[in-house]
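Participant: take a look and give me a structure for this.
(one chain, ligands or ions: 1)
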Amino acid sequence: MTPTPDHSFDIHPPLADRWSPRAYSHTHVLTKDDLGPCFEAARWSASSGNSQPWSFALGLRGDDTFAAILGSLAEGNAVWAQHASALVANIAQLTTAEGKSQSHAVYDLGQSVAHFSVQATVEGLVVHQMGGFDADQLGAALQLDPSHAVISVMTVGVIGDPAELPEKLREREALPRMRKPLSDVVTHGVRY
Ligand SMILES: Cc1cc2nc3c(=O)[nH]c(=O)nc-3n(C[C@H](O)[C@H](O)[C@H](O)COP(=O)(O)O)c2cc1C
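Facilitator: Predicted structure coming up:
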């Protein structure tokens, strides 16, 4: 059951429904076609100067890319992420071919991943982004050019049975989702 957060204002259902679970169905299978709309949504994100500094490595459970991403995860993430239908590495191009720094690349990638995660919610999928992984190890495994870096990784799949999670994670799965009040978010100018 998705722990329901409080909302000061109603928001679009896919935004309200998005959350980051750890209990994934280990029998659910995704294909690249299933994920096409999610990557298409990521592709149509805004970016600085339309630089589109994002790219993705998609691993479907059982393939080599999935194994490479899984192998780079911190233990606390691998324990649940291994059951997801897909693992994705989110890659930013930090410098141009001419060696110029793309200072907004990480911001742009994050926005693109946000598009992905909202479209995934529309598709009935769940996404859990992670920073707990070895970026150097994964970059090497993916043979990334030094101009590129893996900034985050994410699981994609459908909800599984939380009872199958280790006890600590099972408890965390049921915790209410919390946010700062809107009054602490819009901090200057007109306030809430
Ligand atoms: C950049 C980034 C890194 C994250 N790293 C981890 C992680 O390593 N492990 C984990 O379990 N969750 C991770 N999360 C998930 C956050 O904990 C989660 O998004 C946050 O608690 C809000 O919950 P919600 O996504 O369900 O709204 C990460 C999220 C982001 C955006």
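Participant: when you work out contacts or count neighbours from here on, use the C-alpha atoms and nothing else.
Facilitator: OK.
Participant: what comes up buried for the longest helix seen in the chain?
Facilitator: Taking DSSP state H as the criterion, the chain has its longest helix at helix 105-122. Using 16 or more other Cα atoms under 10 Å as the test for burial, helix 105-122 gives 105-106, 108-122.
Participant: tell me if that helix is near the ligand.
Facilitator: No: on the criterion Cα under 6 Å from any ligand atom, helix 105-122 is out of touch with the ligand, staying 7.9 Å away.
Participant: and this structure, which residues reach the ligand?
Facilitator: Residues of the chain found near the ligand (Cα under 6 Å from any ligand atom) are 19, 20, 77, 128, 129, 130, 131, 132.
Participant: in the chain, where is pLDDT below threshold?
Facilitator: Applying pLDDT under 70 to the chain picks out residues 1-5.
Participant: try 90 this time
Facilitator: Filtered on pLDDT under 90, the chain yields the residue ranges 1-8.
Participant: let me see the ranges of the strands in it.
Facilitator: For the chain, applying DSSP state E gives strands covering 54-60, 86-93, 126-130, 148-157.
Participant: please, where are all the helices along this structure?
Facilitator: Under DSSP H, the chain gives helices at 13-17, 32-43, 64-72, 75-81, 105-122, 135-141, 167-173.
Participant: just the CA coordinates for the fifth one, please, in PDB.
Facilitator: Taking C-alpha atoms only, helix 105-122 is exported to PDB below (Å, rounded to 0.1, in the frame of the first residue of the first chain):
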ATOM      1  CA  ALA A 105      24.200  18.800 -17.300                       C
ATOM      2  CA  VAL A 106      23.400  17.200 -13.900                       C
ATOM      3  CA  TYR A 107      20.300  19.500 -13.500                       C
ATOM      4  CA  ASP A 108      19.100  18.600 -17.000                       C
ATOM      5  CA  LEU A 109      19.600  14.900 -16.400                       C
ATOM      6  CA  GLY A 110      17.600  15.100 -13.200                       C
ATOM      7  CA  GLN A 111      14.800  16.800 -14.900                       C
ATOM      8  CA  SER A 112      14.800  14.200 -17.700                       C
ATOM      9  CA  VAL A 113      14.700  11.400 -15.100                       C
ATOM     10  CA  ALA A 114      11.800  13.200 -13.400                       C
ATOM     11  CA  HIS A 115       9.900  13.000 -16.800                       C
ATOM     12  CA  PHE A 116      10.800   9.300 -17.000                       C
ATOM     13  CA  SER A 117       9.500   8.600 -13.500                       C
ATOM     14  CA  VAL A 118       6.200  10.400 -14.000                       C
ATOM     15  CA  GLN A 119       5.600   8.700 -17.400                       C
ATOM     16  CA  ALA A 120       6.400   5.400 -15.700                       C
ATOM     17  CA  THR A 121       3.700   6.100 -13.100                       C
ATOM     18  CA  VAL A 122       1.300   6.600 -16.000                       C
END
